[in-house]
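1. Any chance you could fold what I've pasted below:
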Amino acid sequence: MVDAVALDIKMLEAGVLNRDRRLLAQAITLVESTREDHRKCSDQIISSILPSTGNSIRLGITGTPGVGKSTFIEALGLEFIKEGHRVAVLTIDPSSTRGGGSVLGDKTRMQELSTNASAFIRATPSNGTLGGVSRNTREAIMLCEASGYDVVIVETVGVGQSEASVKDMVDMFILLVQPASGDELQGIKRGVVEIAELLVVNKADGHLLEAAKQAQADYQNALSLSRPLHANWTTPVITCSALLHINISKIRESIQGYHQVTLRDDTFKERRRNQAISWMWSDVMDTIGHKLHSSPKMSNLVPDLEKKVSSGELTPKAGSKRILDALLKKTSIGP
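-> The predicted structure follows:
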């Protein structure tokens, strides 16, 4: 008798590779599950589709509240589709730590893009992970790539929350800002500006056009004082109006230009290699955290140690050592 679970896994694998959006969504749901049996199944699927991954441009997009990220991502996605690409958008949404459900709708904000046959939009709950980035986003990227999406956009919750995590999983990091100048530059962390490979001033239309041009000059000046991220690439600052689709093609060309530069000087491959190592260690930490919360033995030990640490009976370091000793003993890992 054929194992029903094994049959479902094969069905999902085939569906992902055959570009079935419904089965792709189901595969991502499986990846997001915290159930142990679901984790094992998703691991099998990811291993199976691995040869079909890695063939996209991965873009991370962040921005200040009210900057128009959704409008911009929709305009950029439609621009890439017009050029013959297939676009996947993974939005990292705040979620209920109890229910795990996504607060923001995944398609209501990008209605035109969501109905396009060459697009796939998915809202992923952050599940309370550091920086608001879902631990499963990496696997979702791989599933989208295996399903033929050659442009994958990862949208973060907002500036200051998840940039470092997203930077570790994309090829190009894009910062979206509003028309502002002078002191308003202080509203964005200096470090966020410095890690961007492309800076976009949105809403450059109507009465905000001149303010956008001034903001462009201010950011160009700020970037000129920073050390370049790449030897062969200077971070451009481009004004646009996502609402009116002004300069969206220029932004698409800049993205493709950056991609070509990194392919030529081998930084693309180097970044992907470093990311693979980073993803491995990130998964190690996620797995340790999962075991801490799922093991009956550990769930009994941790509250007791927390109580002793909070009362001053144990130092935090001593508490940490006892948890690690118990965990390593449980998993039969040597000293």
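2. from here on, contacts and neighbour counts on C-alpha atoms
-> OK.
3. pLDDT below threshold where in the stretch 151-300 of the chain?
-> Residues of the stretch 151-300 of the chain meeting the criterion pLDDT under 70: 157-162, 181-190.
4. Could I get the full set of strands for it?
-> Taking DSSP state E, counting those that start in this stretch, the strands of the stretch 151-300 of the chain run over residues 151-155, 172-177, 198-201, 237-239.
5. Of all these, which one is nearest Met11?
-> strand 151-155 (23.5 Å; CA to CA).
6. Now tabulate the strands of the stretch 151-300 of the chain in a markdown table and tack on distance to Phe120.
-> Listed next are the strands of the stretch 151-300 of the chain as a markdown table, based on distance: least, CA to CA, whole Å:
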| stretch | distance to Phe120 |
| --- | --- |
| strand 151-155 | 9 |
| strand 172-177 | 20 |
| strand 198-201 | 23 |
| strand 237-239 | 26 |
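7. got a markdown table for those, with mean neighbour count too?
-> Shown next, in a markdown table, are these (neighbours: other CA atoms under 10 Å):
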| stretch | mean neighbour count |
| --- | --- |
| strand 151-155 | 25 |
| strand 172-177 | 24 |
| strand 198-201 | 24 |
| strand 237-239 | 24 |
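8. out of those strands, nearest to Ala326?
-> Nearest of the strands of the stretch 151-300 of the chain (CA to CA): strand 151-155, 37.0 Å.
9. so where do the helices sit in the stretch 1-150 of the chain?
-> 4-17, 21-32, 36-49, 69-82, 111-114, 137-146 (DSSP state H, counting those that start in this stretch).
10. With Lys307 as the reference, name the closest of these.
-> helix 36-49 (28.5 Å).
11. For the closest one, buried residues please.
-> 38, 41-42, 45-46, 49 (16 or more other CA atoms under 10 Å).
12. okay, now the domains of this protein?
-> 1-52, 53-265, 275-330 (automatic domain parsing).
13. how distant is the shortest one from the center of its chain?
-> When you say that, I think you mean domain 1-52. Mean C-alpha position of domain 1-52 versus that of the full chain (CA atoms, centre = their mean, to the nearest Å) differs by 20 Å.
14. do stretch 142-161 as well
-> The answer for stretch 142-161 is 6 Å, by CA atoms, centre = their mean.
15. can you check stretch 151-171 too?
-> 4 Å.
16. So what's the residue count around Arg35?
-> 11 (other CA atoms under 10 Å).
17. who's in contact with it?
-> Counting by CA atoms under 8 Å, 6 or more residues apart in numbering, Arg35 makes contact with nothing.
18. Start at 894, not 1
-> All set: I'll call the first residue 894, so the last point we hit is now Arg928.
19. Next one: the residue nearest to Leu971 when sequence neighbours are not counted from Gly970, what distance?
-> Using CA to CA, 6 or more residues apart in numbering and skipping residues adjacent in sequence, the residue nearest Leu971 is Leu1006, 6.5 Å away. According to CA to CA, to the nearest Å, Leu1006 stands 7 Å off from Gly970.
20. overlap in contacts of those two?
-> Ala1012.
21. So between those two, which is more surrounded?
-> Comparing Leu1006 with Gly970 by other CA under 10 Å, the one with more neighbours is Gly970, at 27 against 24.
22. who's in contact with Lys1184?
-> Met1191 are the contacts of Lys1184 under CA under 8 Å, 6+ apart.
23. and if you look at Gln1168?
-> 1061-1062.
24. could you redo the last one with a cut-off of 10 Å?
-> Contacts for Gln1168 (CA atoms under 10 Å, 6 or more residues apart in numbering) come out as 1060-1064, 1162, 1174.
25. If any of these are buried, put those into a ChimeraX selection.
-> Listed next is the ChimeraX selection for buried residues among the contacts of Gln1168, using 16+ other CA under 10 Å:
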select :1060,1061,1062,1063,1064
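26. Need the contacts of Gln1168 in TSV (columns: distance to Ala1010).
-> Formatted as TSV, the contacts of Gln1168 follow (distance: CA to CA, whole Å):
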residue	distance to Ala1010
Lys1060	28
Asp1061	29
Met1062	25
Val1063	24
Asp1064	25
Lys1162	30
Trp1174	36
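27. Can you flag which of the contacts of Gln1168 belong to helices?
-> 1060, 1162, 1174 (DSSP state H).
28. Out of the residues you listed, the closest to Ala1211 would be?
-> So of the ones in helices among the contacts of Gln1168, ranked by how close each gets to Ala1211 (CA to CA), first place is Trp1174, at 23.4 Å.
29. I'd like to know how far that closest one sits from Thr1180.
-> Trp1174 is 10 Å from Thr1180, by CA to CA.
30. for Thr922, same thing?
-> 18 Å.
31. between those two, who's got more neighbours?
-> Thr922 (15 against 12).
32. what's the pLDDT at that one?
-> Confidence at Thr922, expressed as pLDDT, is 90.
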